[in-house]
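A.B. asks: turn this into a structure:
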Amino acid sequence: AVFPKKRSVLLLAAVVLLVCCCLFVPAAAAEGTGTQDDPIVVPEYGYAFSSGSITGINTTWLSTLPAGGENVWLMLEIPNKINDQEVKSIKSSAFKASAGVYKIASVDMSKASSLLSIENDAFRGNSQITSLTLPDSLTKIGENAFRDCSGITGEITIPAGIKNLENNVFSGCSKLTGVYLPSQLTTIGESVFAGCSGLKFIRVAGQDAPAGNFILPSGLTRMGSQAFMRCSGIVGEVTIPEGVTTLEKNVFKECSGLTGVYLPTGLEQIGTTSSGSVSGSVFYGCTGLQFIRVTGQDASVGNFTLPGTLTTIGGQSFRKCFADSVSTSVTIPESVDYIGSRAFYDSDAITTIFIERELAGSWDNGYDNYNKDAFRASNYGPGKRLTIFPDSMYGWKDFPLTGDYGDSLTYPLTLEFSGADEYNHLILYNQPIYYAYNKVTGEWEFNMEYELPPVPNQGATPRPGHTYGWACGSGATAELLHINWKYTGAALVPSVTVE
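C.D. replies: So this is what the prediction gives:
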């Protein structure tokens, strides 16, 4: 067909106009001015998108913004679909902070009902983000996804589909005030909430304040190292779920607001057997603690108990632990095979450590994995720190035997009064004899009313130059007993007889 010339020109103009309209990417100035207080809302075409995944900001759209988008503030409202295709994931490092480019003010994913995963480092380092909303559809949050997003304020709810929180997900989010965990969560990776010092609570979804400020899902089986390190703003007690068998290094380090801990009955490791202080420090700096007990126990058992399944206590695990008002003893279960360096150091609240494991003889190496500095303290002596082995110096023959630390290592033996058996009683090696064992409390206590038994009748006329009393030994080496007397003789005896 032959068209008139004028009609051909009009048709060509219409085609050109249509092509130009398809290529034009409109700016979103009407959606915000690009300041922190009035960020630009990123439209659907403002995202770089491929095969169901957002990979970042569309650089073509970004170039239409003032100054080419440099230092422009954006608001991310992740859509459910882009180009009629569902948004399934946000790829690794998609919005990772980059100096000199755009800044993100807030992230709202509530409309992204098809979003399944946020990959590693997706929003890492965006310290300007002040709010975050996650979609219910989410099943994965990758490592470091929101690490160092220190401006996020308020509470967040982690979706029910998340079974594992990977390493460092919210590490350094210091202004977060509350977190609701999914009830089916099984794993909290390394440093997930490390440095979240602004947190006031961590609870399972659906629970409120009367339930407590630190509640973990009952199905939890692992808490990685540093998981809650320096979450100092959470005040209250925490019950560690029964499925957790290992408390990894630094997991509660410097959680100074913790007031109580209930340990699982089947707990096997507090820290690890690695060399150096990094092997433990599990409760290092928990200076608000009133108690650590095994689940199911109450105050009648004391302020510090450990489960009979325990095999490992890592170095410095209880360093600088407990509140100043606390005074407690602790029994190290027979099952414990390893204790790291300075496990109880700088914890003046722990006045007595009882070692339950007994050795069969001097040849028994049952304490070989107890670090020689395991029981060091900042203060020693009765009422300060004593470590009591079950029998004789077999227990600490390879430990330092001199100085205040050496003097604080002891064992019980019976002081027997010849001819006055009714006065026989337990004493501690190298400790004053008025430091007595209380059979009711099971503790060693000062008995300032203690008196030596009456001396047997020596006749009407004492021999001139002689002093009558109870003595240990005989002849020139005899030691006259008094209430401050300490037995420091042979260390392999179950009892000492005085006459």
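A.B. asks: pretty sure Ile118 is touching Glu143, no?
C.D. replies: No: counting by Cβ atoms under 8 Å, Ile118 does not reach Glu143; the two are 10.5 Å apart. Just so you know, the C-beta spots here come from the backbone N, C-alpha and C atoms, and that holds for glycine as well.
A.B. asks: higher neighbour count, these two?
C.D. replies: Ile118 (27 against 21; other Cβ atoms under 10 Å).
A.B. asks: what segments of the stretch 251-400 of the chain are strands?
C.D. replies: Here the stretch 251-400 of the chain has its strands, by DSSP state E, counting those that start in this stretch, at 258-263, 269-270, 291-294, 312-313, 328-332, 338-339, 350-355, 386-388.
A.B. asks: mean confidence score for the fourth one?
C.D. replies: Average pLDDT, strand 312-313: 96.
A.B. asks: sheet partners, orientation included, of that strand?
C.D. replies: strand 269-270 (parallel), strand 338-339 (parallel) (DSSP bridges).
A.B. asks: let me have the ones you listed in CSV, extended by distance to Pro79.
C.D. replies: Listed next are these as CSV, based on distance: least, Cβ to Cβ, whole Å:
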stretch, distance to Pro79
strand 269-270, 46
strand 338-339, 54
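A.B. asks: how many neighbouring residues does the nearest residue to Val101 once chain neighbours are set aside have?
C.D. replies: Closest residue to Val101 apart from its sequence neighbours, by Cβ to Cβ, 6 or more residues apart in numbering: Glu70 at 6.4 Å. By the criterion of other Cβ under 10 Å, Glu70 has 12 neighbours.
A.B. asks: cool, Ala420 as well?
C.D. replies: For Ala420, the count of nearby residues is 16 (other Cβ under 10 Å).
A.B. asks: element containing the nearest residue to it once chain neighbours are set aside?
C.D. replies: Closest residue to Ala420 apart from its sequence neighbours, by Cβ to Cβ, 6+ apart: Pro453 at 4.9 Å. If you go by DSSP states H and E, Pro453 is not part of any helix or strand.
A.B. asks: now do the contacts for Pro453.
C.D. replies: Residues counted as contacts of Pro453 (Cβ atoms under 8 Å, 6 or more residues apart in numbering) are 417, 420, 423, 470.
A.B. asks: counting neighbours, which of those residues comes out on top?
C.D. replies: Trp470 (21 neighbours).
A.B. asks: wouldn't that one be in contact with Leu481 here?
C.D. replies: Yes: look at Trp470 against Leu481 with Cβ under 8 Å: they come within range, at 4.3 Å.
A.B. asks: common neighbours of those two, please.
C.D. replies: Residues touching both Trp470 and Leu481 (Cβ under 8 Å, 6+ apart): 452, 498.
A.B. asks: count the residues that sit near Thr414.
C.D. replies: A count of neighbours around Thr414, defined by other Cβ under 10 Å, yields 13.
A.B. asks: what pairs with it across the strands?
C.D. replies: If you apply DSSP bridges, the partners that Thr414 bridges to are Leu426, Ser495.
A.B. asks: just the pLDDT at it, thanks.
C.D. replies: For Thr414, the model assigns a pLDDT of 91.
A.B. asks: over to the one 10 residues further on?
C.D. replies: We have a pLDDT of 91 for Asn424.
A.B. asks: so who does it touch?
C.D. replies: Asn424 makes contact with 414-417 under the criterion Cβ under 8 Å, 6+ apart.
A.B. asks: still on that earlier bit, with secondary structure and distance to Gln297 added, can I get the contacts of Pro453 in CSV?
C.D. replies: Below are the contacts of Pro453 laid out as CSV (DSSP: H, G, I helix; E, B strand; the rest coil; distance: Cβ to Cβ, whole Å):
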residue, secondary structure, distance to Gln297
Phe417, strand, 38
Ala420, coil, 40
Tyr423, helix, 36
Trp470, coil, 42
